[in-house]
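# attaching a predicted model along with its sequence, questions to come.
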Amino acid sequence: MKAFVYTELQLSIPMQEVPWRELNPTLLEQPGIINKTWLSGVGNQSIGGFYMFDTVANAERFVTEYFPTEARKLDVAQTTRILDATVVGDASRDMNSVHFGAKLNQKPGAYLFTQIEVDLPFSKAPWREINPMIKGQPGFLAKTWLAGLYGRTVGGFYAFDTIENAKAFAINQFPKEAAKLHAAFTTRVFDANATEEASRGMKAPFYS
C-alpha cells in the first residue's frame, strides 16, 4: 500500500543555500522511499518536499523518526502529512499525474499543494465533476489527487507552467471550490525552477 508524504519546515532559506547535495543520499537511504520532489515556498522560502513511499509503515517511520530529527537540528517547527496513494489512482490518472505514470511535455515552473478540511471518504469526492474545470485552468500541467490517510481530507499536488498561473488558481479559483463544500482549506505555492536540480537527484517523476 503506497503512501504520499508532504513536509514543510517553518524557516526561510533560499534553495541555493540548502545542503541538498548532502541530504539527498541520506534521504535515498530511508526505508521505502521511492522519490521526492523538493519544495521551496514562494514568498517565504520555506523548505519541504512531496514524497512517495512504498508502504504506509515506511511513511509513518519517516514522519515520526527521521523528519522530526532533522527539524530539531534546525530548531524549527514542522508540518507533515501522510496521504493515501491507493484510493486516488483513477482520479489522478485522469489528471495526467506523474505519480501514476504520466509524462509531462514540459518542465513545471510551479507546484501547488492544497487540502480541504472535510471528513469525506475519497470514494464520495466529486472528482469527475471537478477534473474538467481544473484541466481548463491556464497553465495547468498535472495533478495528483490527495486523500488523508486518517482524517479523510481531500486535496491535491499540482504542477503548473508558471508561478503566476499557480498563484492565480490558488488565490482566485480554489477558494470557490472550497466554499462549495463549506470548508476551510490550505493552499501552498512553490517555485519548481528553484528545486529542479535537487528534485532530479531524488528521482522526482516530473523529470523522468
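Received it, and whenever you're ready, just let me know what you need.

# after the one helix or strand residue 179 maps to comes which helix or strand?
According to DSSP states H and E, residue 179 maps onto helix 174-180. Using DSSP H and E, the helix or strand that follows helix 174-180 towards the C-terminus is strand 185-191.

# can you pull out the helices in the protein?
Using DSSP state H, the helices of the chain run over 20-28, 56-61, 67-74, 89-93, 127-135, 163-168, 174-180, 192-200.

# residue 82 is nearest to which of these?
Ranking these by proximity to residue 82 (CB to CB) places helix 56-61 first, at 5.0 Å. Quick note: C-beta positions are derived from backbone N, CA and C, even for glycine.

# what residues of the closest one count as buried?
56, 58, 59, 60, 61 (16 or more other CB atoms under 10 Å).

# contact partners for the nearest residue to the fourth one once chain neighbours are set aside?
By the measure of CB to CB, 6 or more residues apart in numbering, the closest residue to residue 60 outside its immediate chain neighbours is residue 82, 6.5 Å from it. For residue 82, the contact set (CB atoms under 8 Å, 6 or more residues apart in numbering) comprises 3, 4, 5, 56, 59, 60, 63, 149, 150.

# swap in residue 164?
Residue 164 touches residue 139, counting by CB under 8 Å, 6+ apart.

# apply 10 Å and report the result again.
Residue 164 makes contacts with 109, 110, 138, 139, 189, as judged by CB atoms under 10 Å, 6 or more residues apart in numbering.

# check these and tell me the two furthest apart.
Of all pairs drawn from the contacts of residue 164, the widest gap by CB to CB lies between 138 and 189 and measures 14.5 Å.

# of those two, give the one with the bigger neighbour count.
Neighbours of residue 138 and residue 189, each counted by other CB atoms under 10 Å, are more numerous for residue 189; the result is 24 against 13.

# I figured that one was touching residue 160, is that so?
Yes - with contact defined as CB atoms under 10 Å, residue 189 counts as touching residue 160 (8.7 Å).

# what residues are shared contacts of those two?
Here residue 189 and residue 160 have 110, 111, 112, 166, 167, 168, 169, 170 as joint contacts, going by CB under 10 Å, 6+ apart.

# turn those into JSON lines, including distance to residue 93.
JSON lines is the format used below for those (distance: CB to CB, whole Å):
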{"residue": "110", "distance to residue 93": "22"}
{"residue": "111", "distance to residue 93": "19"}
{"residue": "112", "distance to residue 93": "19"}
{"residue": "166", "distance to residue 93": "21"}
{"residue": "167", "distance to residue 93": "26"}
{"residue": "168", "distance to residue 93": "25"}
{"residue": "169", "distance to residue 93": "21"}
{"residue": "170", "distance to residue 93": "23"}
